[in-house]
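Participant: Here you go, sequence then predicted model.
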Amino acid sequence: MKKEILLSFIFILLISQNVYSSEKIKIFYSGFSFSNSYESNKNLTKYTSKLIKKRAADKKIDIISESLLKIVREESFTNISLDTKNLLDFEKYPDNAIVMAVALQHEEFSQEYNSSIKKYSGFYDAYFQILFYDFSDRSLIAAIPFEFEIPILSNKKLDEKNILKRINNFYLKDQPFKQIVKIINRYNIKQKYDLRIGVTNVNIQERAFKDMPQNTINNQNYMKNLIAQSFSKRLSENHNVAIVPFTEGQAIGRSMKLKFAQSDKIFDIKLPNPDYHIEINIKGFKKVLAQSTAVEDLFLYGSFINLKIYQPELNKYYFDETLRGVTQVKIPKEQSDINDWRKYYYNLEILFDDFSKNIIKQDKKWLKKATKKKIKKEIKNLNLIIDKLK
């Protein structure tokens, strides 16, 4: 009899644990916003800032906010229960509410003439953060970076009117925000994280700037923010971990400014100091002609960085190595308009992605290409840190 009672108790306990573990966290959705310092926002998000002036059919919100709101209302979340009724009506939020916002950090457009297809090839890139913060003290709980790219082909050089038209159609017809639901469903969203990681410093050596767009030389924070976002996105995506954002011109431990599309008020979200710091040192870029034929040239585009991951409180370094990434690019002989920076940046993205993936499973060929040193053990041990962040 006692044995039966004990088994019944264990059975009930297991059921209750499963019910508890499957309980969704209540989240309040506050809307689409812009991040970074408000003064620089117009330069960093000049296309979307113009598009939000277009109102939706009900005239209450803009067309981009409406597109995003429709997605998060219709799609199904597996680990959170999202309240989309109140948006920025903070008076209806309880003091202990967890609030979610989708923030556009920056966007950019570049193009070059492709002589092989006789068209202009353009690329629009948008960089976002999905933010979860504590309503009671406006402190960040978790941030998930994501981005998307729109390739555009045109017979003529693209002007701002054509670019805006393509971006407008992308937001409204291609439904890019659907990936937000898929992204969130991969993460274990919690009310509190014991340990955090984030990029805390990006250093760009002077020789590296000569290969970057001319306008970034006078705005180094813009490029630092772009590089930090690119690394953070790939680390977060490959390992399903939240990242403390690196924000333009703002030190760790300070705040991240949000300006919501449906409000003129600017909100400060306090950023925590990560337990694990990431420092990225961009040492330089190199372009080498590897092969030439009568119709095209094969170039090698290389990126060189030093990457550090450490725990400042313990003064303990887990990774401190110089890495290189090389990609092959074929360019037609007659092409004179060449956007070298986009090819360097693409190479840099691949390097960040390969590094992140090698934490999970080490690729001997990549390790040999990335560095002359033996780093298999060091990069493998980073998995121990990643496990602590989930």
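Facilitator: Cool, the structure landed. Numbering: from 1, shown residues only.

Participant: Specify the residue ranges that define each domain of the protein.
Facilitator: 24-193+256-271, 197-241+275-390 (automatic domain parsing).

Participant: what's the spacing between Ile183 and Phe128?
Facilitator: Going from Ile183 to Phe128 by C-beta to C-beta, to the nearest Å gives 10 Å. C-beta coordinates here come from the backbone N, C-alpha and C atoms, glycine included.

Participant: same check, this time on Gln191
Facilitator: Distance of Gln191 to Phe128, given as C-beta to C-beta: 23 Å.

Participant: In terms of neighbours, single out the busier of those two.
Facilitator: Phe128 (26 against 12; other C-beta atoms under 10 Å).

Participant: hang on, the more buried one packs against Val102?
Facilitator: Yes. Contact criterion C-beta atoms under 8 Å: Phe128 and Val102 qualify, at 6.3 Å.

Participant: where exactly do the strands run in this protein?
Facilitator: Assigned by DSSP state E, the chain shows strands spanning 25-34, 80-83, 98-114, 119-134, 139-154, 197-204, 255-260, 266-270, 276-292, 296-311, 316-332.

Participant: Let me know which of the ones you listed is the nearest to Thr371.
Facilitator: Closest to Thr371 of those is strand 316-332 (C-beta to C-beta; 5.7 Å).

Participant: between the closest one and strand 296-311, how many degrees?
Facilitator: Calculated by axes from the mean of the first three to the mean of the last three C-alpha atoms, to 10 degrees, strand 316-332 forms an angle of 170 degrees with strand 296-311.

Participant: List the buried residues of strand 316-332.
Facilitator: Phe319, Glu321, Leu323, Arg324, Gly325, Val326, Thr327, Val329, Ile331 (16 or more other C-beta atoms under 10 Å).

Participant: what does stretch 195-214 give?
Facilitator: Buried residues in stretch 195-214, counting neighbours by 16+ other C-beta under 10 Å, are found at Arg196, Ile197, Gly198, Val199, Thr200, Val202, Ile204, Ala208, Phe209, Asp211, Met212, Pro213.

Participant: Same check on stretch 353-367?
Facilitator: Going by neighbour count (16+ other C-beta under 10 Å), the buried part of stretch 353-367 is Asp353, Asp354, Phe355, Ser356, Asn358, Ile359, Trp366, Leu367.

Participant: nearest to Thr247, of the domains of the chain?
Facilitator: Between Thr247 and those, the shortest separation by C-beta to C-beta is 5.1 Å, and it involves domain 24-193+256-271.

Participant: Count residues in the vicinity of Asn315, would you?
Facilitator: So Asn315, with other C-beta under 10 Å, has 7 neighbours.

Participant: wait, what's in contact with it?
Facilitator: Contact criterion C-beta atoms under 8 Å, 6 or more residues apart in numbering gives no residues in contact with Asn315.

Participant: cool, and the one 5 residues further on?
Facilitator: When the contact criterion is C-beta under 8 Å, 6+ apart, the partners of Asp320 are Asn306, Leu307, Lys308, Ile309, Tyr310.

Participant: Mind doing that once more with 6 Å?
Facilitator: Counting by C-beta atoms under 6 Å, 6 or more residues apart in numbering, Asp320 makes contact with Lys308.

Participant: what bridges to the residue nearest to Ile117 when sequence neighbours are not counted?
Facilitator: Excluding its sequence neighbours, the residue lying closest to Ile117 (C-beta to C-beta, 6 or more residues apart in numbering) is Leu153, at 7.6 Å. Listed by DSSP bridges, the beta-bridge partners for Leu153 are Ser121.

Participant: Leu153 touches Tyr120, doesn't it?
Facilitator: No. Using C-beta atoms under 6 Å, Leu153 makes no contact with Tyr120, being 7.2 Å away.

Participant: which of the two has more neighbours?
Facilitator: Tyr120 (18 against 12).

Participant: Centre-most residue in this structure?
Facilitator: With distances taken as C-alpha atoms, centre = their mean, Pro145 lies nearest the centre of the chain, 2.9 Å away.

Participant: mind checking how far it is from Gln105?
Facilitator: Following C-beta to C-beta, the distance that separates Pro145 from Gln105 is 8 Å.

Participant: Identify the contacts common to the two.
Facilitator: Counting by C-beta under 6 Å, 6+ apart, the residues touching both Pro145 and Gln105 are Gln129.

Participant: on that earlier part again, so for His239, which of the strands of the chain sits nearest?
Facilitator: strand 197-204 (9.7 Å).

Participant: what does that closest one rub up against?
Facilitator: Contacts with strand 197-204, where a contact means C-beta under 6 Å, 6+ apart, come from 224, 227-228, 232, 243-244, 246, 252, 274, 276-282, 389.

Participant: just stretch 130-140 next, same as before
Facilitator: 93, 95, 97-103, 141-144, 269-271.

Participant: can you give me the end-to-end distance of that stretch?
Facilitator: Start-to-end span of stretch 130-140 (C-alpha to C-alpha, to the nearest Å) is 11 Å.

Participant: Please identify the buried residues of that stretch?
Facilitator: Result for stretch 130-140 [16+ other C-beta under 10 Å]: buried residues Ile130, Leu131, Phe132, Tyr133, Asp134, Phe135, Leu140.

Participant: what's the spacing between it and its chain's center?
Facilitator: 18 Å (C-alpha atoms, centre = their mean, to the nearest Å).

Participant: what number of residues lie near Glu160?
Facilitator: Look at Glu160: counted by other C-beta under 10 Å, it has 11 neighbours.

Participant: gap between it and Ile183?
Facilitator: In this view, Glu160 and Ile183 are 30 Å apart by C-beta to C-beta.

Participant: now Phe146
Facilitator: Applying C-beta to C-beta to Phe146 and Ile183 gives a distance of 6 Å.

Participant: Repeat that for Leu271.
Facilitator: Using C-beta to C-beta, Leu271 is found at 20 Å from Ile183.
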